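Asks: Got a sequence here, can you build the structure:
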Amino acid sequence: MAIYSDFSLLAFSLIKMLDSLKKMFSGNEADIPVNTGSKPDISRVKSAELYEKSKTYFPGGVNSPVRAFKSVYGTPLFIEKGDGCYIWDADGNQFIDFCGSWGPLILGHNHPKIREKVTEVMQNGMSFGAPTALENELAELIIKNNRFVEKIRFTSSGTEAVMSAIRLARGFTGRDKIIKFEGCYHGHSDSLLVKAGSGLVTFGETSSAGVPKSFAEETIVIPLNDKNAIEQAFHQFKDQVAAVIIEGIPANNGLIMQDEEYIKFLRKICTDNKSLLIFDEVITGFRVGFEGAAAHYGIIPDIVTYGKIIGGGLPVGMYGASAEIMGHISPDGGVYQAGTLSGNPVAMAAGIATLTELNRSGFYKDLNTKTQDFVASIQRFATARNYKFKVFTVGSIFWFAFTEKDKIQSADDIDAGSMEKFKIMHRELLNRGIYLGPSGYEVGFVSSAHTKIELEKAKRAIFEALDLVFKK
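Replies: Numbers count the residues shown, from 1 in each chain. Alright, predicted model coming up:
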């Protein structure tokens, strides 16, 4: 009799477990039971010690501002290891990572083919300051599979690529002024580290100490998704605009998706005014597809800048254009740009290994489908509970926004007050083993290393975090 009872109890437990799993994979998120209790904060003892020490060496204790965790709770986590879709911090905490070093790790951490290629090349040296065949190999891989560039120039960062593209546009057109958009970030070069002035069409105002006012006055900053503003800018500064620069898909200040019709409008007005259109694809290049946002919209920019993914996690940037435009770059032309570590062999090796994988048939279809299934499930959960929460997504990029708006297309559409909810969510997700970038304005990334099991675990943690956010 006791054996029968034990068997019945085991069978009942198995049925409950199978039923729970069935619900998790059914797509009916409203039926999924969620644990709405807070979890204890993860230990940050070692990270906190390292942070205190780092503050004696670096401004704010970091080498890039967002790493300081000023927008979220707690001290920064010091990461010791990454493998696949996981990272581990100095305290031994393990996380499913959706930051991916801010986007470049599209294949996940420590990918074996990248590691093997880099190790192989390092046996012969790590820097020469001279041409190598690896530069040719990576350039051929890019140009043969990208309709939007005929010649390219490698740099060591996305900021350097964009700065060089601006100089090229000015040199090619013989004009000085640049139009950029509020809410788009293009690195920390002087002429682009500006914000909008007080009027609809104004010269930019410096957004950082150390940027001369005269530099900012060569940059015109206007709102995104406003045709009237850009028409006024071209009218007001007729024959003075060298280029319009826009993130291919703005993803540095939330995911501010623009309609295709608006991007086509930008292409036409630049052509009509003999100005160049620059797509900054440092984030979107090789992320939404091998040809980036240019192919996504079916638009031919005059100059494209890339970064991040090209290096597979190592420092690389690149800008490219037609052979005619690139012919203005030194030593062929009069626009000077140089870099001792440009085309570094180790970085080129990482890029070759990475882009070879991305160029495989079906890679983007599989990755993007996986991402869309992941975010759609999260959105269904939030919608079923009537939460003021939206997941915006393109390709394998996503952004969590605490809003009821179906579209966010300008910086003004983002509710700054909603970032308090993200702070709570970020903390709860860390306590559940999920790592997002430490700011509600930052996007997240899915990699090919995220399996269905990890994505299901992450979804469950996100459901619990959302319930806690909206319970407070």
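Asks: Residue ranges in the chain under the pLDDT threshold?
Replies: With pLDDT under 70 as the threshold, the chain has low-confidence stretches at 1-37, 195-206, 472.
Asks: 80 instead?
Replies: 1-38, 189-216, 472 (pLDDT under 80).
Asks: Show me the domain layout of it.
Replies: Residue ranges for the domains of the chain, per the TED database: 35-109+362-470, 112-359.
Asks: highest average neighbour count across these?
Replies: domain 112-359 (a mean of 20; mean count of other CB atoms under 10 Å). Every C-beta, even on glycine, is put in place using the N, C-alpha and C of the backbone.
Asks: how far does stretch 453-468 sit from the chain's center?
Replies: 21 Å (CA atoms, centre = their mean, to the nearest Å).
Asks: Show me the helices in the stretch 351-472 of the chain, by range?
Replies: 363-384, 419-431, 452-471 (DSSP state H, counting those that start in this stretch).
Asks: where exactly do the strands run in the stretch 301-450 of the chain?
Replies: For the stretch 301-450 of the chain, strands defined by DSSP state E, counting those that start in this stretch occupy the ranges 303-307, 317-321, 390-394, 397-401, 434-435, 444-445.
Asks: same deal with the stretch 1-150 of the chain?
Replies: Under the criterion DSSP E, counting those that start in this stretch, strands of the stretch 1-150 of the chain are mapped to 79-83, 86-89, 94-97.
Asks: neighbouring strands for the second one, and are they parallel or not?
Replies: In other words, strand 86-89. Take DSSP bridges as the rule and strand 86-89 pairs in its sheet with strand 79-83 (antiparallel), strand 94-97 (antiparallel).
Asks: Run through the helices of the stretch 51-200 of the chain in chain order.
Replies: Under DSSP H, counting those that start in this stretch, the stretch 51-200 of the chain gives helices at 112-122, 133-144, 158-173.
Asks: With distance to Gly311 added, can I get these in TSV?
Replies: Formatted as TSV, the helices of the stretch 51-200 of the chain follow (distance: least, CB to CB, whole Å):
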stretch	distance to Gly311
helix 112-122	10
helix 133-144	10
helix 158-173	10
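Asks: Select, out of those, the one closest to Ala416.
Replies: Shortest separation from Ala416 across the helices of the stretch 51-200 of the chain is recorded for helix 158-173, at 25.4 Å, computed as CB to CB.
Asks: where's that closest one relative to the chain centroid, distance-wise?
Replies: Taking mean C-alpha positions (CA atoms, centre = their mean), helix 158-173 and its chain are 21 Å apart.
Asks: List of residues touching that helix?
Replies: 153, 155, 176, 178, 186-189, 191-192, 242-243, 245, 274-276, 278, 280, 282, 302-303, 305-308, 317-319, 321, 325-326, 328-329, 333-335, 337, 339 (CB atoms under 8 Å, 6 or more residues apart in numbering).
Asks: Kindly report the same for stretch 345-365.
Replies: If you take CB under 8 Å, 6+ apart as the criterion, stretch 345-365 is touched by 106-107, 111, 113-114, 116-118, 120-122, 124-128, 132, 134-135, 137-138, 141-142, 145, 154, 156, 286, 289-290, 309-316, 341, 395, 448.
Asks: mind redoing it with 7 Å?
Replies: Stretch 345-365 is contacted from outside by 106-107, 113-114, 117-118, 121-122, 126, 128, 132, 134-135, 137-138, 141-142, 145, 286, 289-290, 309-316, using CB atoms under 7 Å, 6 or more residues apart in numbering.
Asks: what do you get for stretch 321-332?
Replies: Residues contacting stretch 321-332 (CB under 7 Å, 6+ apart): 149-151, 153, 168, 171-172, 302-303, 320, 333-337.
Asks: same check, this time on stretch 91-99
Replies: Residues contacting stretch 91-99 (CB under 7 Å, 6+ apart): 42-47, 82, 85-88, 433-437, 444-446, 454, 457-458.
Asks: go on, stretch 399-407?
Replies: With CB under 7 Å, 6+ apart as the contact definition, stretch 399-407 has outside contacts at 254-255, 388-392, 408, 413, 415, 418, 421-422, 443-444.
Asks: And these, which is closest to Gln379?
Replies: Relative to Gln379, the closest of those is Val391; by CB to CB it sits at 4.8 Å.
Asks: so the closest one bridges to which residues?
Replies: For Val391, the beta-bridge partners under DSSP bridges are Phe400.
Asks: Distance of it relative to Ile378?
Replies: Per CB to CB, to the nearest Å, Val391 is found 5 Å from Ile378.
Asks: Kindly report the same for Ile87.
Replies: Where Ile378 is concerned, Ile87 sits at a distance of 21 Å (CB to CB).
Asks: cool, Met348 as well?
Replies: According to CB to CB, Met348 and Ile378 sit 38 Å apart.
Asks: Fine, thanks again, bye for now.
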